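Peer 1: return a 3D structure for these sequence lines:
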Amino acid sequence: MVKKEHKKMSLPFITIAILVMLGPRFIHSTTLSSEVAVLRSLKQGIDPNSIPEYSYLSTWDFSMDPCESAGAHFLGVLCMISDNDLLASRITALDLDGVGYDGFLTEDIGTLTELTTLNLSKNKFRGPIPDSMTNLSKLTTLKLSENVFTGSIPTGLRKLKKLQEVDLSYNKLTGSIPSWISSFRSMAALRMSNNGFSGRIPSLAGLWQLYVLDLSNNELHGSLPPLPTSLRSLSLAHNVLSGPIHLLWRLRRLRTLDLSDNRFTGSIRGVISLPDVTAVNLSYNWFTELEVPKFTGRATALEVLELQANRLQGRLPVNLVTVQNLTVINLSHNQFSGPIPRVFGLRLGSPWKRLYLNHNFLAGSVPPEFANSKLKIKGNLAYNCLKCPRNNTMCNEGQRPASECIGQIFLKISRQIGALDTCSERALLISSRASDAVGSAGIAPFLMVAMAPHALANFSTFLNRGSS
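Peer 2: Numbering: from 1, shown residues only. Here you go, the predicted structure:
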């Protein structure tokens, strides 16, 4: 019989195996003294009066080893045994509770070179973001939101190529958004809202894994930069951005879009057709045209459409009734004219829950469905040129004065007249459009002459252009 020979395992291997099986309770690995010093410096930089009882920092007792007692006496600190030394532990995460710690973030933070997560959100850390953070090359998550950090983004942060999530929102940071931020290929979420950032937004198309971008409430200007098609959520609200937005149709995965309170111009069309978008807020801009395609046989996820306070003109888009999931529509404070489409009344209550058409120049009779008190809908038709029944609660705030309605009618006709070549064409337009428009507003022709003599006098000027 041939005897099998067994290879002898080396003693170091056996030792390591036993230690792993016994677990960290039996591996008395201590925190590196340099990293203990960082924690001590961090706590010393915070006003003791801002450390509440039972908060994370109140458990930091430096008579004990941070990593050996993490989870009990050093809450918010996560450690791992060093790969190079089983008797040494390294701090890999610092996740403080947001209770309003008031102080400065120590420059020594850069000593925690194994750190992957740094979360100091919802406190009162002040001063600049430490330059020493450039040494945190393994950092994947950086959350400093809702503090009082000042200054610009440190240039050294460009070395942190493993960053996946950055949240610097709700601070007092200034300066421009650095162009090197587009080199973070692993970035998935970038939130820098509610600061004082200025300048143009750099191209971010290279962040091909980015799904959340929030730069709202800053002082950014210029046009939209190239953006990654991976975006799910885009918020650039409350800036000074301008120009068209037609390139957004490429963001086929977008779910929420907020560009409100800027100076965007041109037409609104492609973003409404994005297949996954549920909420679009383009309010308080300078858009002049709204195009809604007819959704026949193809579903769209759009539920909320907020376009108030723009310069949108023309008739209300009838195709809104083909957007199956739409529940909230706000087209108020624009320059829409003409009648309210009768089909709008068929959508009230279900699925439309909120419909705001106030502060436009809509004319004619209100569809009878709008007076149905049984419908569960919130809406407003006030400050138009409508014939509103007294029992219609949507009209309770009243309509525009007749003089405003007439002025808008003449403005619209004058624009059309200016595009015509001959005197006869202009006369025909006046006789057809003016009578229709005035009649739909419920204003008698003789009253129109009495209320707007200067506007009528301008017709002769327009007619004379054709003969000159």
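
Peer 1: ok, longest strand in this structure?
Peer 2: Looking across the chain with DSSP state E, the single longest strand is strand 88-95.

Peer 1: tell me the strands beside that strand, with direction?
Peer 2: Strand pairing for strand 88-95, using DSSP bridges, gives strand 30-31 (parallel), strand 77-81 (antiparallel), strand 117-119 (parallel).

Peer 1: what's the following helix or strand after the last one?
Peer 2: Spelled out, that is strand 117-119. Following strand 117-119 in sequence order, the next helix or strand is strand 124-128 (DSSP states H and E).

Peer 1: and the contacts of that next one?
Peer 2: Contacts of strand 124-128 with the rest of the structure, by Cβ atoms under 8 Å, 6 or more residues apart in numbering, involve 50, 100-105, 144, 147-151, 154. Glycine gets a C-beta too; all of them are placed from N, C-alpha and C.

Peer 1: can you check stretch 280-292 too?
Peer 2: Residues from elsewhere that reach stretch 280-292 (Cβ under 8 Å, 6+ apart): 237, 242, 245, 257-269, 271-272, 302, 304-314, 317, 319-320, 323, 330-331.

Peer 1: hang on, the earlier thing: by neighbours, which of the contacts of strand 124-128 wins?
Peer 2: When these are compared by neighbour count (other Cβ atoms under 10 Å), Asn147 ends up highest, at 27 neighbours.

Peer 1: what's the weakest-modelled helix or strand in the protein?
Peer 2: Lowest by mean pLDDT, DSSP states H and E among the helices and strands of the chain is helix 11-22, with a mean of 41.

Peer 1: Provide a list of residues in contact with the residue nearest to the spatial centre of the chain.
Peer 2: Centrality entry for the chain: nearest residue to the mean C-alpha point is Ser235, 2.1 Å, by Cα atoms, centre = their mean. Residues in contact with Ser235 (Cβ under 8 Å, 6+ apart) are Ser193, Leu213, Asp214, Leu215, Ser216, Thr256, Leu257, Asp258, Leu259.

Peer 1: buried sites along stretch 234-245?
Peer 2: Of all the residues in stretch 234-245, those buried under the rule 16 or more other Cβ atoms under 10 Å are Leu234, Ser235, Leu236, Ala237, His238, Asn239, Leu241, Ile245.

Peer 1: what's the closest of those to Gly175?
Peer 2: For the buried residues of stretch 234-245, the residue nearest Gly175 by Cβ to Cβ is Asn239; the value is 15.0 Å.

Peer 1: next, count neighbours for the nearest residue to Ser69 once chain neighbours are set aside.
Peer 2: Once flanking residues are discounted, Ser69 sits nearest to Asp61: 7.7 Å by Cβ to Cβ, 6 or more residues apart in numbering. The number of residues packed near Asp61 is 11, by other Cβ under 10 Å.

Peer 1: check contacts around Ser223.
Peer 2: Counting by Cβ under 8 Å, 6+ apart, Ser223 makes contact with Leu241, Ser242, Gly243, Pro244.

Peer 1: kindly report the same for Met80.
Peer 2: Ser89, Arg90, Thr92, Glu114.

Peer 1: quick check: phi and psi on Leu386?
Peer 2: Main-chain torsions, Leu386, degrees, to the nearest 10: phi -90, psi 160.

Peer 1: and it, how far from Thr265?
Peer 2: Distance of Leu386 to Thr265, computed by Cβ to Cβ, to the nearest Å: 29 Å.

Peer 1: okay, those two: which has more neighbours?
Peer 2: Legend: neighbour count by other Cβ under 10 Å for Leu386 and Thr265, higher for Leu386 (28 against 16).

Peer 1: for the closest residue to Ile51 other than its chain neighbours, give its distance to Val77.
Peer 2: Leaving aside its chain neighbours, Ile51 sits nearest to Leu57 (4.9 Å; criterion: Cβ to Cβ, 6+ apart). According to Cβ to Cβ, Leu57 and Val77 sit 10 Å apart.

Peer 1: same question, Pro244
Peer 2: Look at Pro244 and Val77: by Cβ to Cβ, they are 50 Å apart.

Peer 1: okay, now the nearest residue to Thr322 once chain neighbours are set aside: neighbour count?
Peer 2: Among residues not flanking Thr322 along the chain, Phe295 sits closest, at 4.3 Å (Cβ to Cβ, 6+ apart). Applying other Cβ under 10 Å, we find 19 residues neighbouring Phe295.

Peer 1: I'd say Phe295 and Asn325 touch.
Peer 2: No - in this structure, Phe295 is not within contact of Asn325 by Cβ atoms under 8 Å, at 10.0 Å.

Peer 1: got the confidence number for the nearest residue to Leu231 once chain neighbours are set aside?
Peer 2: Counting by Cβ to Cβ, 6+ apart, Leu231 lies nearest to Leu251, which is 5.3 Å off, once chain neighbours are set aside. pLDDT for Leu251: 97.
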